[in-house]
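# Show me how the following folds:
(one chain, ligands or ions: 1)
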Amino acid sequence: MAPGTFWNPDIECMPRTEIGQLQLERLQATVNRAYRNVAFYRQRFEQLGFTPEDIQSLQDLQRLPLTEKDDLRAGYPYGMFAVPLREVVRIHMSSGTTGHPSVVGYTANDLVHQTDLVARNLTAAGITKEDVVQVFFGYGLFTAGFGYHYGTEALGASVIPVSHGDTPRQVEVMRDFRTTVIIGTPHYALRIAATMEQMGLDPNELSLRIGLFGGEAWDETVRQEIESRLFITASDVYGLAEIGGPGVSFECEQRAGLHIAEDQFLVEVIDPDTGEPLDLGQEGELVFTTLNKEAFPLLRYRSGDLSSLDTEPCTCGRTHARMSRVSRHTDNRIVVRGINIFPGQVEGVLAEIDGLGKEYQLVLDRTTALERLEVHVELSPDSTPDQMRRLVEIEEETQQKLQEILSLAVEVKLVEPGSIPHDADRLRIVDK
Ligand code: ZN
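As a prediction, the model looks like this:
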């Protein structure tokens, strides 16, 4: 084992029985906090006749119902917070399947833990204080940009917060600042590779050595392509905005699944259709319970991500369970610039606007530097002459409302009734 490969060896290599004990103590505290401070959980417990004292083992958690994305949305904006707003020091959000996104709060302690998890993640990837780290995740209401930013600072490496944007400039910064590490979505890494080629830059002459990629499902083919075109080692990272953002799990040098930070999260895998717990090794939906969150504790939160678990010892020395790479989701979300978009969100907006029909299609254009999302929507076959005169207004109204709900710039195109076939895919991707 090379020295310096662990950020927190006492926790990362803790014997599994001790992990279980730590989890139980933290679970009891979390359930207590949720029961006392979050009306949603208190009502649920009361309906079930369940009290926090009923948690005597980790298995007892399975007597509680699952928490769904829609439950978070129902509490918009602050209904799921377990602390008063004066104790919240940062607010982020995550997209919902319909309607408004959910709002996630952090206390100062929550941020300390999150930053620590990201530093753990960076260290496992071989990043040290000598590195120059360029973050191209978005800095904004979503969690990934800030999460990696502060984790990098905590590690002592230099962080360049370029965020999304102008790809040629991104490449110039990489060259001029001698960036050694890049962090963002995998397909944007490919976009960077293509831009370098267009600019006549040989990636081999840059200082890049490591890339951490997440925010969307990707596979080994994409990994090989990124590694061969950018001459870097590409690692998979996993985070979930609702449970605290990045750093939830990460690959070690063995690349045999992603180690989950089990001191911070209790993970289960369930059958997405029945909700029944599945055995180790079986693929199902990941369900997370936060173990250390003050502002936003979640019990049995459904991630919508499909994976399986492995608790066998890993040769890296870490004892935390590994999840297989997420390559599919249970919901039909698409990811645009690292932001989850659910068709239900779009449908909800379209249904509210007079003059629009039911058929629509999302067209994701990945040929430009920054991905563009177009929403093609049919006019209602019963449009009134007045509506026909107001087409531009309807288009603008649709665009504005979609942008508000999706937190993403989109372009709306109204099309003739009948021009989008009933059985057309809701999503069309235009690739290079
Ligand atoms: Zn390992």
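# Could you give the backbone dihedrals for the closest residue to Leu111 other than its chain neighbours?
Of all residues not flanking Leu111 in the chain, Arg90 sits nearest, at 6.1 Å (C-beta to C-beta, 6 or more residues apart in numbering). In this view, the C-beta of every residue, glycine as well, is placed from N, C-alpha and C. Main-chain dihedrals, Arg90, degrees, to the nearest 10: phi -150, psi 150.
# Distance of Leu309 relative to Val287?
In this structure, Leu309 and Val287 are 11 Å apart, going by C-beta to C-beta, to the nearest Å.
# If you count surrounding residues, which of those two has more?
Val287 (24 against 21; other C-beta atoms under 10 Å).
# And the next helix or strand past the longest helix along the chain?
Longest helix in the chain, counting residues (DSSP state H): helix 16-37. Per DSSP states H and E, the first helix or strand lying C-terminal to helix 16-37 is helix 39-48.
# Work out the gap between that next one and the centre of the chain.
28 Å (C-alpha atoms, centre = their mean, to the nearest Å).
# what's that helix packed up against?
With contacts taken as 3 or more C-beta pairs under 8 Å, 6 or more residues apart in numbering; DSSP states H and E, helix 39-48 sits against helix 16-37.
# what do you get if the cut-off is 10 Å, keeping everything else the same?
helix 16-37, helix 69-74 (3 or more C-beta pairs under 10 Å, 6 or more residues apart in numbering; DSSP states H and E).
# what inclination does it have with respect to helix 16-37?
Angle of helix 39-48 versus helix 16-37, following axes from the mean of the first three to the mean of the last three C-alpha atoms, to 10 degrees, is 100 degrees.
# tell me which residues in helix 39-48 are buried?
Phe40, Tyr41, Arg44, Phe45 (16 or more other C-beta atoms under 10 Å).
# and the first one, what pLDDT?
It refers to Phe40. On pLDDT, Phe40 comes in at 97.
# who touches it in this structure?
Going by C-beta atoms under 10 Å, 6 or more residues apart in numbering, Phe40 touches Ala34, Thr67, Asp71, Leu72, Ala74, Gly75, Gly79, Met80, Leu299.
# Quickly note the distance from the residue nearest to Gly275 when sequence neighbours are not counted to the ion.
Nearest residue to Gly275, sequence neighbours excluded (C-beta to C-beta, 6+ apart): Leu66, at 6.0 Å. Separation of Leu66 from the ion (C-beta to the ion, to the nearest Å): 29 Å.
# Isn't Leu66 up against Glu285?
Yes. Assessed by C-beta atoms under 10 Å, Leu66 is found in contact with Glu285 at 9.3 Å.
# could you pull out the helices for the stretch 151-300 of the chain?
Secondary structure of the stretch 151-300 of the chain, counting by DSSP state H, counting those that start in this stretch: helices at 167-176, 186-199, 220-230.
# who in the stretch 101-250 of the chain is up against the ion?
Nowhere does the stretch 101-250 of the chain come near the ion, counting by C-beta under 5 Å from the ion.
# Closest residue of the stretch 101-250 of the chain to the ion?
Residue nearest to the ion within the stretch 101-250 of the chain: Ala124 (7.8 Å; C-beta to the ion).
# quick one: contacts for the closest residue to that residue other than its chain neighbours?
Closest residue to Ala124 apart from its sequence neighbours, by C-beta to C-beta, 6+ apart: Cys252 at 5.0 Å. For Cys252, the contacting residues are 5-6, 12, 124-126, 235, 258-259, 314-318, 320, 322, by C-beta under 10 Å, 6+ apart.
# quick one on the thing from earlier: chain center to the longest helix of the chain, what's the gap?
Counting by C-alpha atoms, centre = their mean, helix 16-37 comes out at 24 Å from the chain centroid.
# which parts of that helix are buried?
Result for helix 16-37 [16+ other C-beta under 10 Å]: buried residues 19, 22-24, 26-28, 30-31, 33-35, 37.
# need these in TSV with pLDDT, can you?
Output for the buried residues of helix 16-37, formatted as TSV (pLDDT from 0 to 100):
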residue	pLDDT
Ile19	98
Leu22	98
Gln23	98
Leu24	98
Arg26	98
Leu27	98
Gln28	98
Thr30	98
Val31	98
Arg33	97
Ala34	97
Tyr35	97
Asn37	98
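# Name the nearest of these relative to the ion.
Ile19 (14.5 Å).
# Was I right to think the closest one contacts Leu27?
No. Counting by C-beta under 10 Å, Leu27 is not a contact partner of Ile19; they are 12.0 Å apart.
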